[in-house]
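J.: A structural model of the following input is requested.
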Amino acid sequence: MRIKVCIRLTCLLCCLFTLLVGLVKTTAAADQKTVRLSYVEWSETVAATHMVKTVIQEKLGRDCEIVPMTADRMWEAVASGKVDGMVAGWLPTTHGHYYEQYKDRVLDLGPNLVGTQIGLVVPDITVGRQTAASGKRNAPYITAESIADLPRYAGKFNGRIIGIDPEAGIMKKTREAMQAYGLADYELIRGSEVSMTAELSDAIRKQRWIVVTGWIPHWMFARWKLKFLDDPKNVFGSKEEIHTIVRKGLEDDMPDVYRLLDNFSWSPEDLGQLMIWIKEDHGMYPGEKAMRYMRFHEEQIESWLP
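T.: Numbering: from 1, shown residues only. Here you go, the predicted structure:
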């Protein structure tokens, strides 16, 4: 009889313990704030933001919401505390004017990727076949080498520079370049990254002259042979970095998230790999591709953790 009572009591205690553990976990999860990150829908930013979101959810056990915005609203959202941070601050040139506007209301955790570049880009693709007899390389079908060449080629380029969303820092710099190089015969076409790359693809297929706003890292440089036009007046600046920017107070509110974002850093090759995987699925399921990256780069992911 005593044995039966002991068994029943043990089972009851086990059930109570299980319920208590579940309650503690539920309460802890409820106490954890959801992390909110902003981003711009550019290929490199989509990839990096989904990478960080995946690590936050899988390794820190926090919910994470990512919110697409234009570049100006992305910076304002961090400065106002509407979101906790972003991993898409192109400095010192592309987003330099946003940084000057909000630098007293945000924290710059430094670069998460170095070696970026922005400017005007054209196809660097040759036409015809190289003949063994001559040993000469065929010239690219677009012969412009510098932004300074654009005025005399306005007819060939149909007087158009194909851009992206108007609030992007690269669009501001392109407008400055158009003034600096006297490109009065050109129109800067507003659009999106998707529309820009679609028009670039069509122009390359038809061997049509085209100049677009471009940047590295971007999957289009892996897809086609492209080149930046020389910028002798240095309007677009030299090499840039992508910085992690967070709201003030994040370290106190979410120290684990703060340390993860502070540690987050990778190479253009790492980012390029994830961008290519995402592009292969036509931009679908970037979160799944980030999970795939995690499986292949366990040591790197561990180095980001608090």
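
J.: need the strands for the chain, in chain order.
T.: According to DSSP state E, the chain carries its strands in the segments 35-39, 64-68, 85-91, 106-123, 160-162, 187-189, 212-216, 226-228, 240-247.

J.: Return the most buried member of these.
T.: strand 85-91 (a mean of 26; mean count of other Cβ atoms under 10 Å). From N, CA and C alone the C-beta is placed, and that goes for glycine too.

J.: Run through the neighbouring helices and strands of it.
T.: The criterion is 3 or more Cβ pairs under 8 Å, 6 or more residues apart in numbering; DSSP states H and E, and the helices and strands that strand 85-91 contacts are strand 35-39, helix 43-59, helix 71-80, helix 96-102, strand 106-123, strand 240-247.

J.: Let me know the angle separating that strand from strand 35-39.
T.: 30 degrees (axes from the mean of the first three to the mean of the last three Cα atoms, to 10 degrees).

J.: I'd like to know which of the strands of the chain lies nearest to A203.
T.: Distance to A203, taken as Cβ to Cβ, is lowest for strand 106-123 among the strands of the chain, at 7.1 Å.

J.: could you give the angle of the closest one to strand 240-247?
T.: 150 degrees.

J.: out of the helices and strands packed on strand 85-91, which comes closest to M291?
T.: M291 lies closest, by Cβ to Cβ, to one member of those: helix 43-59, at 5.9 Å.

J.: what sits against M291?
T.: Neighbouring residues of M291 by Cβ atoms under 8 Å, 6 or more residues apart in numbering: T54, E58.

J.: er, V114 I mean
T.: Contact analysis of V114 by Cβ under 8 Å, 6+ apart lists K239, E241.

J.: which stretches of this structure have low pLDDT?
T.: Residue ranges of the chain with pLDDT under 70: 1-31, 128-137, 283.

J.: what about the residue positioned nearest the centre of it, distance to P140?
T.: In the chain, the C-alpha closest to the average C-alpha coordinate belongs to T45, at a distance of 1.6 Å (Cα atoms, centre = their mean). When Cβ to Cβ, to the nearest Å is applied, the distance between T45 and P140 equals 30 Å.

J.: do the same with I210
T.: Here the criterion is Cβ to Cβ. By it, I210 lies 12 Å from P140.

J.: who's more crowded, these two?
T.: When I210 and P140 are compared for neighbours, I210 comes out ahead with 23 against 16, by other Cβ atoms under 10 Å.

J.: tell me the contacts of the residue lying closest to that one once chain neighbours are set aside?
T.: Counting by Cβ to Cβ, 6 or more residues apart in numbering, I210 lies nearest to A203, which is 3.8 Å off, once chain neighbours are set aside. With contacts defined as Cβ under 8 Å, 6+ apart, the neighbours of A203 are P123, W209, I210.

J.: Present those as TSV; the columns should include distance to N234.
T.: As requested, the contacts of A203 are arranged in TSV below (distance: Cβ to Cβ, whole Å):
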residue	distance to N234
P123	23
W209	25
I210	24
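
J.: Closest one of those residues to I170?
T.: Within those, the smallest distance to I170 is 16.2 Å, found for I210 (Cβ to Cβ).

J.: ok, the closest one - contacts?
T.: I210 neighbours (Cβ under 8 Å, 6+ apart): V122, P123, I142, F157, I162, E199, L200, A203, I204.

J.: Surely K59 touches L305?
T.: Yes. Under the criterion of Cβ atoms under 8 Å, K59 is in contact with L305, at a separation of 5.8 Å.

J.: The closest residue to M74 other than its chain neighbours and I142, how far apart?
T.: If the residues on either side of it in the chain are set aside, M74 comes closest to S38, at 4.4 Å by Cβ to Cβ, 6+ apart. Applying Cβ to Cβ, the value for S38 to I142 is 36 Å.

J.: Run through the bridge partners of L188.
T.: Here L188 shows beta-bridge partners I161, assigned using DSSP bridges.
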